[in-house]
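[1] How does the following fold in three dimensions:
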Amino acid sequence: MKRLLSTLLVFLTILFTACAPLQTSQPDAMTAVVVTAQGGGGAVGLPSTSNDSGAGPSATSTLPANGVTLSENGGVFVMHVGESFLLNLGMDVYDWTVELDNQNVIQRELGVTVIRGAQGIYIAQNTGTATLTASGNPLCQQSKPPCMMPSILFSITLIVQ
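    Now for the predicted structure:
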């Protein structure tokens, strides 16, 4: 009887192990994964305008007339004192936090209402170089349970002449 019980126990253990769903290694629900769109690898859903050859920085260009969008990620732009641009990264998927590393060169224009989805109008105050970065956290991370969509990082360099 003991032998039959042992055999049955082994059989059931094998059966349950084989039928159990596979456990995959996933990050914690609260872990944010930051994906950047700069460099040689590119990123999920974000085109990169950087020079992927590794030969140096990307070429400079003038700001787009319709504003800076996600497609300009990694870009280097030349401006003149007094010029401004609209930062329009959208708000349907990500909640954006924008930072400027040199507010003596570029500042956000205060007291201006911008179109839905835009993060503000930025104006060149003085000559110099500034980097504008924006981190986007998926709106679905606030849901219960939170989604596993990664956060993204947007960055442009502004050269004011």
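[2] count of residues packed around the closest residue to Arg108 other than its chain neighbours?
    Spatial nearest neighbour of Arg108, excluding adjacent residues (Cβ to Cβ, 6 or more residues apart in numbering): Gly120 at 4.7 Å. Any C-beta I mention is one placed from the backbone N, CA and C, and that applies to glycine too. Using other Cβ atoms under 10 Å, Gly120 is surrounded by 18 other residues.
[3] Next up, phi/psi of Gly120, please.
    Dihedral angles phi and psi of Gly120 (degrees, to the nearest 10) take the values phi 140, psi 170.
[4] got the contact list for it?
    Shown in contact with Gly120 (Cβ atoms under 8 Å, 6 or more residues apart in numbering): Leu86, Leu87, Val98, Arg108, Glu109, Val112, Val114.
[5] Surely the first one is in contact with Gly67?
    Yes - look at Leu86 against Gly67 with Cβ atoms under 8 Å: they come within range, at 3.4 Å.
[6] and for the two, which residues touch both?
    Ala118.
[7] between the two, who's got more neighbours?
    Neighbour totals were compared for Leu86 and Gly67, and Leu86 leads with 20 against 17 (other Cβ under 10 Å).
[8] hang on, Val93 packs against Asn137?
    No - judged on Cβ under 8 Å, Val93 makes no contact with Asn137 at a distance of 9.9 Å.
[9] okay, these two: which has more neighbours?
    Higher neighbour count among Val93 and Asn137: Asn137, with 18 against 15, using other Cβ under 10 Å.
[10] what about the helices in this structure?
    Using DSSP state H, the helices of the chain run over residues 2-19.
[11] for it, what spans make up the strands?
    For the chain, strands defined by DSSP state E occupy the ranges 34-36, 60-62, 76-79, 84-87, 94-100, 106-108, 120-124, 128-138, 151-160.
[12] Show me what the longest one is in contact with.
    The list of residues contacting strand 128-138 from outside it, by Cβ under 8 Å, 6+ apart, reads 32, 34, 87, 89, 93-106, 119, 122, 147, 149-160.
[13] Equivalent analysis for the second one, please.
    Outside strand 60-62, the residues that touch it by Cβ under 8 Å, 6+ apart are Gly75, Val76, Phe77, Val78, Ile159.
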